[in-house]
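Undergrad: Model the structure of this input:
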Amino acid sequence: MDPVFMGETFVTLLGGLPLTLKLAGSAVACGGLLALALAAMRLSGSLLLSAPAQAFVFVFRGTPLLVQIFLIYYGLGQFRPVLQEWGIWWFFRDAYWCALLALALNTAAYASEIVRGAVLSVPHGQVEAARACGMGPVTRFRRIVAPIALRQGLPAYSNEIVSMVKATSLASVITLMEVTFLAQKLISQTFRAIEIFVCAGAIYLLLNIVVTRLVVLLEYRLSPHLRAAPREPASAEAAHA
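TA: Residues are numbered from 1 along each chain as shown. Now for the predicted structure:
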């Protein structure tokens, strides 16, 4: 391996980093909001609400993300006259928006199950105790359910964020010039696949290291009861003993 070439390649691939970060961040944000709605539908107890949400999760978790990207970008293009009539063709003709939609829908399906599991993991006794203290539904959710569910679901959700950062590489198949697309372009020009893909992998690895460290920091801040208790200074009597 040529260190000089790898250094130049690394710098070149960084040109696709802003698009990668934009895709990942937007997909996680949009998917997270949709996941909250899907989880609420699943937990509502109403068949009319839970059945569509369950079907959505089943479809998007059971099919490959790459197929979903192709269906949205290429498949919906066959309905161009209808989409133009509805005034939304501008959205589906743009590769970025199609990739973002596919990523957001995919991560929403997984994240909704994480949220649902986190809410169900809240001890029932604590909810009953809050109800006995006279807390209303909103107050119980804000002070009891949400904080506990957030701490319970955060580790699993961090894995979904990492997966979404890596999944942005699939956007290269519809010509988005993110890190993987630039890597493939360099390979077609230089035929040095190993060095280029090592650099691309290093970029994704560094990104995910930052993500996991931020999540660990957030988890630490949300779990004060798990921190080591500070040592109390020895009293004067103990010092003279």
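
Undergrad: Which residue lies nearest the spatial centre of the protein?
TA: By CA atoms, centre = their mean, the chain has its centre lying nearest to I161, at 3.1 Å.

Undergrad: pretty sure that residue contacts A27?
TA: No - I161 is beyond contact range of A27, at 9.6 Å (criterion: CB atoms under 8 Å). Backbone N, C-alpha and C define where each C-beta goes, glycine included.

Undergrad: what are the phi and psi angles of S46?
TA: Dihedral pair for S46: phi -100, psi 130, per degrees, to the nearest 10.

Undergrad: hang on, I meant G134
TA: Dihedral pair for G134: phi 90, psi 10, per degrees, to the nearest 10.

Undergrad: dump the residue contacts of it.
TA: Going by CB atoms under 8 Å, 6 or more residues apart in numbering, G134 touches no other residue.

Undergrad: Distance check, it against R140.
TA: Per CB to CB, to the nearest Å, G134 is found 10 Å from R140.

Undergrad: do the same with Q184
TA: Distance, Q184 to R140, by CB to CB: 52 Å.

Undergrad: Going along the chain, name the helices of the protein.
TA: 3-13, 17-43, 47-62, 65-70, 80-86, 89-92, 95-120, 124-132, 137-140, 146-167, 179-190, 193-221, 236-240 (DSSP state H).

Undergrad: I'd like to know how many residues surround A130.
TA: 18 (other CB atoms under 10 Å).

Undergrad: where in the protein is pLDDT low?
TA: 224-241 (pLDDT under 70).

Undergrad: if you set the cut-off to 90 instead, what comes out?
TA: 1-6, 44-46, 76-80, 119-156, 175-176, 190-192, 215-241 (pLDDT under 90).

Undergrad: Now stretch 37-57: buried residues?
TA: Residues of stretch 37-57 classed as buried by neighbour count (16 or more other CB atoms under 10 Å): 38-42, 49-50, 53, 56-57.

Undergrad: Name the nearest residue to A200, ignoring sequence neighbours.
TA: A183 (4.2 Å; CB to CB, 6 or more residues apart in numbering).

Undergrad: Pull the contacting residues for that neighbour.
TA: Taking CB under 8 Å, 6+ apart as the test, what A183 contacts is 13, 196-197, 199-200.
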